[in-house]
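Participant: Sequence first, then the predicted structure, then my questions.
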Amino acid sequence: MEEDEALAILDQMRIEIDAYLEALIEEKSQIYGEVAIRSGEVLLAGGKRLRPIMVLLAYEMAGGQNPEEVMPLALAFELIHTATLVHDDINDQADTRRGQPTIHSQAGEAKAIIAGDWLFVQGFGLGGRYREEVVDVMANCCAQIASSEFHQLDHIMDLTTTPEDYLEVVKGKTAGPFSAGCEGAVMIAGKSKLHSDALANFGLELGVAFQLVDDLLDIKGDMRMGKPRGADVYEGKMTLPLIHALTLLHSDERVRLGAILADFKDEYFEELIELLQRSDSLSYVEILVENHLERAMESLKIFDESEAKNLMKYIVSKVGSRHY
């Protein structure tokens, strides 16, 4: 599939998803007032809608014939994702999200917490209309997000954080929703457990790669991140490049890296990158990204060739550079 063709199809899918979300917020705003309006401002502020797009593509790959059947699940995962962003912004004291003021910066933390809860409830209300096994996948995903958030908070500025600690957080918080959305979509399409397991694994591998790329972009700086360069470092989050460097560096260099992370300032960026290069930590994470993307591609082999499969492959090919 040509890149222009893939981009055009994915962009049309995004436009359709946005239309559903806009209609939802318009309807709910008439009922719930300010909480729906403020939540909608964040939900509709932008984003590539990667999660709901993957749900729709997974359903189609699995032989699903009626997109309306799976659309509520696709929207549910976008609402839940936005809920986590609202709560993350409170924890990180972020002033903007997708170029717009965060809810807590405008309306206060109490209302922001409630708005995040409202988005979760709306998402689960949509996903809860499916049969029990699909709802179980979704419920487990949400529980794992909460568990991973707790685990991540326990490791803020913890220089002893291990790669295993990191992966536990990423699999629950970032990769879990990718995995659960794809798995649930295959279940709704009526495909076998072998197929739903394959797409669950696909989503997990893609999600881990997605987060690793985030880690790299946070350090290198990239406008596509939608947040300032080094935001994770300032917030004390132990991303994999930092964990790897702390593991490999010795004596004075490790001590210096720890000191930089404990009191990070803009002027330390060049020194931080130099230390990460000495430990080959950036290259190490780049290699891991490729490994996870290769495993994601392997998980697609069980499915017949189709336009949806080609689009999913295209998404995989672009995650490494975050061009989509």
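Facilitator: Sure, I can see it. Since we're looking at a predicted model, the values are computed, not measured.
Participant: okay, CA-based contacts and neighbour counts for the rest of this
Facilitator: Will do.
Participant: what ranges do the helices span in the stretch 201-324 of the chain?
Facilitator: Here the stretch 201-324 of the chain has its helices, by DSSP state H, counting those that start in this stretch, at 231-234, 240-248, 251-262, 269-278, 281-299, 307-319.
Participant: CA atoms of stretch 86-93 as CSV?
Facilitator: Extracted as CSV, the C-alpha positions of stretch 86-93 are listed here (Å, rounded to 0.1, in the frame of the first residue of the first chain):
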residue,chain,number,x,y,z
VAL,A,86,-6.4,14.4,32.7
HIS,A,87,-5.3,12.6,35.9
ASP,A,88,-1.6,12.5,34.7
ASP,A,89,-1.7,16.2,34.1
ILE,A,90,-2.8,16.8,37.8
ASN,A,91,0.1,14.5,39.0
ASP,A,92,2.6,16.2,36.8
GLN,A,93,1.2,19.7,37.4
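Participant: Check the helices of the stretch 201-324 of the chain for me and report the most buried one.
Facilitator: helix 240-248 (a mean of 21; mean count of other CA atoms under 10 Å).
Participant: Tell me what angle that helix forms with helix 251-262.
Facilitator: Interaxial angle, helix 240-248 versus helix 251-262 (axes from the mean of the first three to the mean of the last three CA atoms, to 10 degrees): 150 degrees.
Participant: And helix 240-248, what does it pack against?
Facilitator: helix 163-170, helix 193-220, helix 251-262, helix 269-278, helix 281-299 (3 or more CA pairs under 8 Å, 6 or more residues apart in numbering; DSSP states H and E).
Participant: Which of the helices of the stretch 201-324 of the chain sits closest to residue 164?
Facilitator: Nearest to residue 164 among the helices of the stretch 201-324 of the chain is helix 240-248 (10.0 Å), distances taken as CA to CA.
Participant: thought residue 191 was touching residue 62?
Facilitator: Yes. Under the criterion of CA atoms under 8 Å, residue 191 makes contact with residue 62 at 5.9 Å.
Participant: Who has more neighbours out of these two?
Facilitator: residue 62 (24 against 16; other CA atoms under 10 Å).
Participant: quick one: pLDDT of the more buried one?
Facilitator: pLDDT for residue 62: 97.
Participant: so what's it up against?
Facilitator: By CA atoms under 8 Å, 6 or more residues apart in numbering, the residues touching residue 62 are 186, 189, 190, 191, 195, 303.
Participant: circling back to that earlier point, can you redo the helices of the stretch 201-324 of the chain as JSON lines, where the extra columns are distance to residue 28 and mean pLDDT?
Facilitator: Output for the helices of the stretch 201-324 of the chain, formatted as JSON lines (distance: least, CA to CA, whole Å; pLDDT from 0 to 100):
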{"stretch": "helix 231-234", "distance to residue 28": "33", "mean pLDDT": "89"}
{"stretch": "helix 240-248", "distance to residue 28": "40", "mean pLDDT": "96"}
{"stretch": "helix 251-262", "distance to residue 28": "44", "mean pLDDT": "94"}
{"stretch": "helix 269-278", "distance to residue 28": "45", "mean pLDDT": "94"}
{"stretch": "helix 281-299", "distance to residue 28": "37", "mean pLDDT": "97"}
{"stretch": "helix 307-319", "distance to residue 28": "32", "mean pLDDT": "96"}
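Participant: and of those, who's closest to residue 157?
Facilitator: That would be helix 251-262 among the helices of the stretch 201-324 of the chain, by CA to CA, at 7.1 Å.
Participant: who's in contact with the closest one?
Facilitator: With contacts defined as CA under 8 Å, 6+ apart, helix 251-262 is touched by 157, 159, 233, 234, 236, 245, 246, 268, 272, 275.
Participant: If we use 10 Å, what do you get?
Facilitator: By CA atoms under 10 Å, 6 or more residues apart in numbering, the residues outside helix 251-262 that reach it are 157-159, 233-238, 242, 245-250, 264, 268-269, 271-272, 275-276, 278-279.
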